[in-house]
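In: generate a structure from the sequence data that follows.
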Amino acid sequence: MTPYADIEERALVWKIHWRLLPQLMAIQFIQMIDKLSMNYAGVMGLLVDTKITLSEFNWLGSIYYIGYFLFQFPNTILLHKFPISKYFGALIFGWGIVMFLTGIARNFAELAVLRLLLGLLEAPSYPIVFMLTSMMYRRDEQIIANSVFLLANTPLTLFGGLITYGIEHMRGLAGIDSWEWFMIIFGTATVGLGIVVFVFLPDNPRSKWLRLTPAQDSIVDYRIRDNGVVHNHKIQMYQIYEALREPRFYCFFFISMLTMLANGCVTLYSSRIVNEMGFSSLNAILLTVPQNIPDMILILISIYLRRRYTNVLCYIGSATCLIVMSGLLMLAFGTHVGVKLAGLYITCALDPSMLATETLIAHNVGGYTKKTVYNAAWVCSYCIGNFIAPLLMTDSQAPRYLGAMLTYAAGQGISAILFLYARALMARENRRRELLLTQGKSRPPPPPKDREKLDLTDVEDLHYVYIL
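Out: Presented below is the predicted three-dimensional model:
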């Protein structure tokens with residue numbers, strides 16, 4: 001590309017940044033608040049007002065992920081049928097309504113139905129977000145885009161925690177309890193965000209909201225060629241079979257499931273764990289505000305390492321799992337409140353491993369249907385881990401929850417090994433292709449000029465190089 005084209009591409013990338021990432025970060029904020037809603041409500045009076053037991057409360061955490069799981073396959077179909085912005089906006093609008101209605105639920109049955117519906121409606125969120133970044137960005141840009149998206153977790157969770165702390169002071173206002181105000185306020189905000197996304201979200205590299213110049217429009221083809229994704233409305237069955245035959249598919253599946261055991265714990269229980277350390281409900285909410293700071297620090301370190309060195313994604317994922325495992329062991333065996341609180345914060349540093357997994361999928365899976373299957377499987381395993389986690393937090397183990405913490409820690413250790421195994425598989429294939437292209441007797445033909453339009457998988461395209 002010419003220097004002029006480089007300038008135009010930089011301008012295009014900034015357009016994508018400013019028009020896409022703010023909306024994705026807002027979606028991330030709202031979804032994070034929705035997921036933490038039971039966590040906060042658990043110490044804001046939900047159990048007393050609705051007369052539910054602690055066991056039923058745990059099931060409310062798990063039921064959400066039943067809905068999340070059940071909608072993954074329908075989502076794979078619907079992603080091929082509707083414009084992403086309209087589909088995503090309608091889903092967000094719907095989950096805002098459900099969040100609002102949760103504020104007026106009065107028993108376990110009503111709460112369970114609403115949590116199931118919330119899981120169904122939020123299920124497509126992560127597959128859509130990572131599909132958008134893999135469509136809109138070059139492969140070497142996706143790590144930054146996905147990191148910015150996940151980095152929003154920390155400042156936005158801090159902000160959300162402070163808002164929740166303020167809402168706790170609204171207890172009794174207009175005869176409404178604080179947890180009910182929480183659901184009403186954030187449910188209304190979610191409905192508004194759904195309308196914005198429905199209208200304004202750029203959902204393809206030539207979206208009208210990007211307002212491309214003729215020069216930028218011509219650059220889009222080069223970018224599509226690099227990101228390895230062509231939006232194909234036809235489901236390619238052979239790509240599904242190809243995905244299911246690959247060992248790394250199962251590596252990523254089990255990494256997600258096992259690492260998300262810890263996530264299911266802290267998402268539902270972090271406020272209660274702090275509360276059981278001897279802090280009041282109000283202070284428990286306040287002390288969970290900084291819980292994502294270690295996560296942000298590790299994400300920033302990951303970004304630096306990714307930009308400084310090549311092929312370190314699997315190492316980053318493996319190291320993060322070991323760090324989180326240490327936090328879980330501090331929670332399990334710590335005797336001082338400060339040690340246990342530090343262990344809780346370290347345990348929340350789960351995003352770098354999730355980012356590594358999703359980036360490995362985004363970078364290393366070619367073919368629209370195949371990538372959709374990988375993303376759907378990743379979210380399914382995410383659901384399974386989060387579903388199991390709360391059920392391990394039994395009354396008999398309180399307040400240390402030793403058995404649960406050791407199970408979560410074992411999951412992190414196994415995931416660290418799986419990251420390294422997946423890396424070895426892809427590195428071996430890279431070496432095989434390099435030898436084939438440089439020394440093979442029957443070398444593959446050069447890549448076709450219209451390669452970006454063929455929707456080739458990474459297996460079909462022997463010029464595809466895996467990023468490790």
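In: can you list the weak-confidence ranges in the chain?
Out: For the chain, the stretches with pLDDT under 70 are 1-5, 143, 147, 149-153, 224-233, 440-454.
In: what segments of it are strands?
Out: Assigned by DSSP state E, the strands in the chain number zero.
In: let's see stretch 85-99 as PDB, backbone CA atoms only.
Out: Listed next in PDB are the C-alpha coordinates belonging to stretch 85-99 (Å, rounded to 0.1, in the frame of the first residue of the first chain):
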ATOM      1  CA  SER A  85     -27.300  -3.900  14.700                       C
ATOM      2  CA  LYS A  86     -31.000  -4.500  14.600                       C
ATOM      3  CA  TYR A  87     -30.700  -8.000  16.200                       C
ATOM      4  CA  PHE A  88     -28.400  -6.800  18.900                       C
ATOM      5  CA  GLY A  89     -30.400  -3.600  19.700                       C
ATOM      6  CA  ALA A  90     -33.600  -5.600  20.000                       C
ATOM      7  CA  LEU A  91     -31.900  -8.100  22.400                       C
ATOM      8  CA  ILE A  92     -30.500  -5.300  24.600                       C
ATOM      9  CA  PHE A  93     -34.000  -3.600  24.700                       C
ATOM     10  CA  GLY A  94     -35.500  -6.900  25.800                       C
ATOM     11  CA  TRP A  95     -33.000  -7.500  28.600                       C
ATOM     12  CA  GLY A  96     -33.600  -4.000  29.900                       C
ATOM     13  CA  ILE A  97     -37.300  -4.800  30.200                       C
ATOM     14  CA  VAL A  98     -36.500  -8.000  32.100                       C
ATOM     15  CA  MET A  99     -34.100  -6.200  34.400                       C
END
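In: buried residues in it, which are they?
Out: 85, 87-89, 91-99 (16 or more other C-beta atoms under 10 Å). From N, CA and C alone the C-beta is placed, and that goes for glycine too.
In: need those residues in JSON lines with distance to C265, can you?
Out: JSON lines is the format used below for the buried residues of stretch 85-99 (distance: C-beta to C-beta, whole Å):
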{"residue": "S85", "distance to C265": "34"}
{"residue": "Y87", "distance to C265": "31"}
{"residue": "F88", "distance to C265": "29"}
{"residue": "G89", "distance to C265": "32"}
{"residue": "L91", "distance to C265": "26"}
{"residue": "I92", "distance to C265": "26"}
{"residue": "F93", "distance to C265": "30"}
{"residue": "G94", "distance to C265": "28"}
{"residue": "W95", "distance to C265": "23"}
{"residue": "G96", "distance to C265": "26"}
{"residue": "I97", "distance to C265": "28"}
{"residue": "V98", "distance to C265": "24"}
{"residue": "M99", "distance to C265": "22"}
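In: nearest to L116, out of these: which one, please.
Out: V98 (9.4 Å; C-beta to C-beta).
In: in contact with I467, which residues?
Out: Residues in contact with I467 (C-beta atoms under 8 Å, 6 or more residues apart in numbering) are R139, N311, L313, L360, H363, N364.
In: shouldn't the first one be in contact with I361?
Out: No: the pair R139 and I361 does not pass the contact test of C-beta atoms under 8 Å, sitting 11.6 Å apart.
In: looking at these two, which is more packed in?
Out: More neighbours surround I361 than the other of R139 and I361, with 21 against 18 (other C-beta atoms under 10 Å).
In: relative to G317, how far out is that one?
Out: 12 Å (C-beta to C-beta, to the nearest Å).
In: what's G45 sitting at in phi/psi?
Out: phi 110, psi 0 (degrees, to the nearest 10).
In: I52 now?
Out: phi -100, psi 150.
In: that one against A112, yeah?
Out: No: judged on C-beta under 8 Å, I52 makes no contact with A112 at a distance of 9.5 Å.
In: any common contacting residues for the two?
Out: Residues touching both I52 and A112 by C-beta under 8 Å, 6+ apart: L60.
In: ok, K86 - contacts?
Out: So K86 contacts F198 (C-beta under 8 Å, 6+ apart).
In: ok, back up a step: from the contacts of I467, which two are the most distant?
Out: Counting by C-beta to C-beta, the most remote pair of those is R139 and N311, 12.9 Å apart.
In: could you check how far M426 is from I255?
Out: Distance from M426 to I255, by C-beta to C-beta: 14 Å.
In: out of the two, which sits in the more crowded spot?
Out: I255 (31 against 21).
In: the closest residue to the more buried one other than its chain neighbours: what's it in contact with?
Out: Using C-beta to C-beta, 6 or more residues apart in numbering and skipping the chain neighbours, the partner closest in space to I255 is S415 (4.6 Å). Taking C-beta under 8 Å, 6+ apart, we find S415 in contact with F254, I255, L258, T259, G317, S318, C321, S353.
In: try 6 Å this time
Out: Residues near S415 by C-beta atoms under 6 Å, 6 or more residues apart in numbering: I255, L258, T259, C321.
In: state the distance from it to V339.
Out: For S415, the distance to V339 - C-beta to C-beta - is 24 Å.
In: and A26, by the same measure?
Out: 36 Å.
In: equivalent analysis for S62, please.
Out: 29 Å.
In: the buried residues of stretch 85-99 in helices, which ones?
Out: Counting by DSSP state H, the buried residues of stretch 85-99 place 85, 87-89, 91-99 in helices.
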